[in-house]
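Participant: below is the sequence, then the predicted model.
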2 protein chains.
Amino acid sequence: MKFGGTSVATIERIQNVARHVKREVDAGHEVAVVVSAMAGVTNQLVAWCKEAMADYDRREYDAVVASGEQVTSGLLAIALHNLGLKARSYQGWQIPLKTDETHGSARIADLGGSTIVEGFKNGTVACIAGFQGVSPDGSIATLGRGGSDTSAVAVAAGIKADRCDIYTDVDGVYTTDPRIVPQARRLDRVAFEEMLEMASLGAKVLQVRSVELAMVHNVRVFVRSSFDAPDAPQIGVGNLPPGTLICNEEEIVEQQVVTGIAYSKDEAQVTLRGVQDKPGVAAGVFGPLASGNINVDMIVQNISDDGTTDLTFTVPVADYERAMAALQKNKKEIGYAKLDGATDVVKVSVVGIGMRSHAGVAAKAFAALAEKGINIRVIATSEIKISVLIDAAYTELAVRTLHSIYGLDQA
Amino acid sequence: MKFGGTSVATIERIQNVARHVKREVDAGHEVAVVVSAMAGVTNQLVAWCKEAMADYDRREYDAVVASGEQVTSGLLAIALHNLGLKARSYQGWQIPLKTDETHGSARIADLGGSTIVEGFKNGTVACIAGFQGVSPDGSIATLGRGGSDTSAVAVAAGIKADRCDIYTDVDGVYTTDPRIVPQARRLDRVAFEEMLEMASLGAKVLQVRSVELAMVHNVRVFVRSSFDAPDAPQIGVGNLPPGTLICNEEEIVEQQVVTGIAYSKDEAQVTLRGVQDKPGVAAGVFGPLASGNINVDMIVQNISDDGTTDLTFTVPVADYERAMAALQKNKKEIGYAKLDGATDVVKVSVVGIGMRSHAGVAAKAFAALAEKGINIRVIATSEIKISVLIDAAYTELAVRTLHSIYGLDQA
């Protein structure tokens, strides 16, 4: 079970979390709980580090910010004692959850878990400080913002858990953003790969890294609401309460062609016009961007008949100004006629594992968008998704249209 | 160097501490710094534990409250980096400072220190989270409130430091409370044993345990002001800045007969009248108090000629009501005529190692108090102190009188 910062923001809420845990223990489960810092605490700690030195040391930052989760893990253990349960807290170094030495955004090197399983034998609930592990030299290392999801999946893998329940402020993963499409449906099950596309495309339910880790270790992740009353009867699909199970695609009996429509406003478009159509041009363009640590996403290049071409791609909107500056600076080396760009764009994506065995999914999308008069700037596809870059003004219309044509609207 | 909660209450103050540290490093010293939690933090953490469960588990309490010092140790390291110094934080478990398993008030079992000395070799300042260690089963254990003084002395002993500088909100140990006697002088040097008497008698500069530990390991403790400007020229006695050195008595060349006058209002008097003067009575009286975990301090018993006696002793004022109730309950077993008590009393003590070789010190005190019309309720003496219990109303008069007659007033 994993609870985020909002769910543990006060002692009262921590006591509510304890009741959720008790329900699972009473149902006969062995439980490990991963908790984040109380809401607001991490931000305060980060601000202090910055105040002490703008370019603070990442190792020390880790020692400072990891304290937030330490507090919550101990308080949850106490709240569980108060309900008559056995419980004890574990810090990253006590599990130990071993990481590499990349302080501030460490990667997990070894899952650990035997200490926790040992505790299960006498009925002890493990209350685990999320977001943290221990580096090879015995320093505290954090997994980066939102890393408690990743901690939870790692712990679940380490103890070979049947399920990793992520309690969030939404009650699952939806076919699209319900604020845009009120008919959006909660998905009962989503495949790991679909969730990866949904997560990285802007459905911010889970950290992308946690989904990757879950896929690698085949950890079934169940997204559910922390607002559900802990004692209320819970009836969902199969033997599960309401929520969304992220699992191996074999577990998904009735596969839909399209699972969901995601969108991301975090993209900016860059277009180089009149680029020489010869080998080495792409390297000339993307080299300076890579040096500047700017990620390039969708890339489209058209062949023209006069020996020049237009090259279009997207970059994170936060890096847009830097990208444009780098390209202007290298204009002579790259050799292009004109540099265009746009930030008022959105990437809309149709995601579904069923696409692999169904033809015509993309054509259907293009036709529907054309019918609504929506101009497609860029198209990028993979085996299980179709992404289009369009004017931001058409976001809602495009999402609604696509959601409808693939039969995702609620009955 | 050890800095308390007030000295690290804000980032600005932590930066001031960093300048104090830099001064010592620039002077060629290898430095380990022990820090408390930022002022107010520990109280908040304790309050959360209580809110989660009134009778909270001490192990989890330790995990929660130790986080306060963790934050400060990391922030100080960052602030030192900002001044161009090498520094890294150490938690209790990283040193490791090994303790027993008495969570909440653990005793130090092993000092550690080699890790810190290793860091010195490349010029790294050790920023150590005070107040905490690691228990035999690998849990975080705290040393009890004010335990950062004890941490500092333990670390100093572990690394065989030349000196343990305790920065406080006073600039040293005084001959008595300057609020009562404006002529009180700062002592340049105090022997460990004297400081123990001063500390336990109410001069709240240092935790008693830290002085005990310093005495056992012969750690020279230097009490100095954290308000001194870190860059100002500092001229004290010998090669020391202004402050008080607590050391072995051999280091104190010019020993005074009396070093200081301490007082404590934390005492209550209990008197049993008409007690049978026969073997086993003392056990009958003090047994029930010991069972109730009530410490008894000064004890006086007079022999009378009618076969009964009066027995007087003091208990902590916080335990007074419980002590009286226990004695009333056991009236028949103990066998006494009347039970009296008083809480408006004060214990005033004359402390000095020189007393051992000087006769007449006590007589001088009794005569001076008598001359002022101050009635002495109880007298207790040891090799290096004379304590009297008097009416609280006479506190200031008694302290001033004694301070004056032993020549402690400033010229």
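Facilitator: That came through fine.
Participant: what domains does the record give for chain A?
Facilitator: Each domain of chain A is listed here as a residue range: A:2-251, A:255-411, per automatic domain parsing.
Participant: show me what contacts A:Gln132?
Facilitator: If you count contacts by C-beta atoms under 8 Å, 6 or more residues apart in numbering or on different chains, A:Gln132 has them with A:62, A:66, A:69, A:91-92, A:97, A:140-143, A:147, A:151. Backbone N, C-alpha and C define where each C-beta goes, glycine included.
Participant: what's the pLDDT at the nearest residue to A:Phe131 once chain neighbours are set aside?
Facilitator: Distances taken as C-beta to C-beta, 6 or more residues apart in numbering or on different chains put A:Gly147 closest to A:Phe131, at 4.2 Å, once the chain neighbours are dropped. On the pLDDT scale, A:Gly147 is placed at 89.
Participant: got it, and A:Ser139?
Facilitator: pLDDT for A:Ser139: 97.
Participant: how about it, nearest residue that isn't a chain neighbour?
Facilitator: Spatial nearest neighbour of A:Ser139, excluding adjacent residues (C-beta to C-beta, 6+ apart): A:Arg59 at 5.6 Å.
Participant: and for A:Lys338?
Facilitator: Counting by C-beta to C-beta, 6+ apart, the residue nearest A:Lys338 is A:Arg273, at 4.1 Å.
Participant: A:Thr259 now?
Facilitator: A:Gly352 (4.4 Å).
Participant: could you pull out the strands for the stretch 251-400 of chain A?
Facilitator: For the stretch 251-400 of chain A, the strands defined by DSSP state E, counting those that start in this stretch occupy A:260-264, A:267-276, A:299-303, A:308-316, A:338-342, A:345-351, A:378-382, A:385-391.
Participant: now the first one: mean pLDDT?
Facilitator: In this model, strand A:260-264 has a mean pLDDT of 94.
Participant: ok, that strand: who's next to it in the sheet?
Facilitator: The strands beside strand A:260-264 in its sheet (DSSP bridges) come out as strand A:345-351 (antiparallel).
Participant: contacts only, for the residue positioned nearest the centre of chain A.
Facilitator: Centroid-nearest residue in chain A: A:Gln207, 2.8 Å away (criterion: C-alpha atoms, centre = their mean). Neighbouring residues of A:Gln207 by C-beta under 8 Å, 6+ apart: A:146-147, A:149-150, A:199.
Participant: let me see the confidence value for it.
Facilitator: A:Gln207 is assigned a predicted lDDT (pLDDT) of 84.
Participant: repeat for A:Thr244
Facilitator: On pLDDT, A:Thr244 comes in at 94.
Participant: below-threshold pLDDT in chain A: ranges please.
Facilitator: Across chain A, the ranges flagged by pLDDT under 70 are A:145, A:202-203, A:232-238, A:305, A:411.
Participant: which is the next helix or strand following the helix ranked longest in it?
Facilitator: Ranked by residue count, the top helix of chain A under DSSP state H comes out as helix A:58-82. The element immediately downstream of helix A:58-82 (helix or strand, assigned by DSSP states H and E) is strand A:86-90.
Participant: does anything pack onto that following strand? Which helices or strands?
Facilitator: Here strand A:86-90 touches helix A:58-82, helix A:114-120, strand A:124-129, helix B:58-65, going by 3 or more C-beta pairs under 8 Å, 6 or more residues apart in numbering or on different chains; DSSP states H and E.
Participant: picking up where we left off before, could you dump the strands of the stretch 251-400 of chain A to a markdown table with mean neighbour count and distance to A:Arg179?
Facilitator: Listed next are these as a markdown table, based on neighbours: other C-beta atoms under 10 Å in any protein chain shown; distance: least, C-beta to C-beta, whole Å:
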| stretch | mean neighbour count | distance to A:Arg179 |
| --- | --- | --- |
| strand A:260-264 | 26 | 11 |
| strand A:267-276 | 20 | 19 |
| strand A:299-303 | 12 | 30 |
| strand A:308-316 | 21 | 23 |
| strand A:338-342 | 14 | 24 |
| strand A:345-351 | 25 | 14 |
| strand A:378-382 | 16 | 25 |
| strand A:385-391 | 22 | 19 |
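Participant: tell me which of the ones you listed lies nearest to A:Ile128.
Facilitator: A:Ile128 sits nearest to strand A:260-264 of all the strands of the stretch 251-400 of chain A, at 30.5 Å, using C-beta to C-beta.
Participant: how about A:Thr381, nearest residue that isn't a chain neighbour?
Facilitator: In this structure, A:Thr381 finds its nearest non-sequential neighbour in A:Ala362, 6.3 Å apart by C-beta to C-beta, 6+ apart.
Participant: again with A:Asp340
Facilitator: Distances taken as C-beta to C-beta, 6+ apart put A:Thr271 closest to A:Asp340, at 4.2 Å, once the chain neighbours are dropped.
Participant: go ahead and confirm the one you found touches A:Thr314.
Facilitator: No. At 10.2 Å, A:Thr271 and A:Thr314 do not qualify as touching, with contact defined as C-beta atoms under 8 Å.
Participant: how many residues are close by A:Tyr336?
Facilitator: For A:Tyr336, the count of nearby residues is 22 (other C-beta atoms under 10 Å in any protein chain shown).
Participant: same question for A:Asn16.
Facilitator: As a measure of burial, A:Asn16 has 19 neighbours, counting by other C-beta under 10 Å.
Participant: also A:Lys204?
Facilitator: Neighbours of A:Lys204 (other C-beta under 10 Å): 14.
Participant: tell me the contacts of the residue nearest to A:Phe131?
Facilitator: Applying C-beta under 8 Å, 6+ apart, the residues contacting A:Gly147 are A:105, A:130-132, A:207, A:209.
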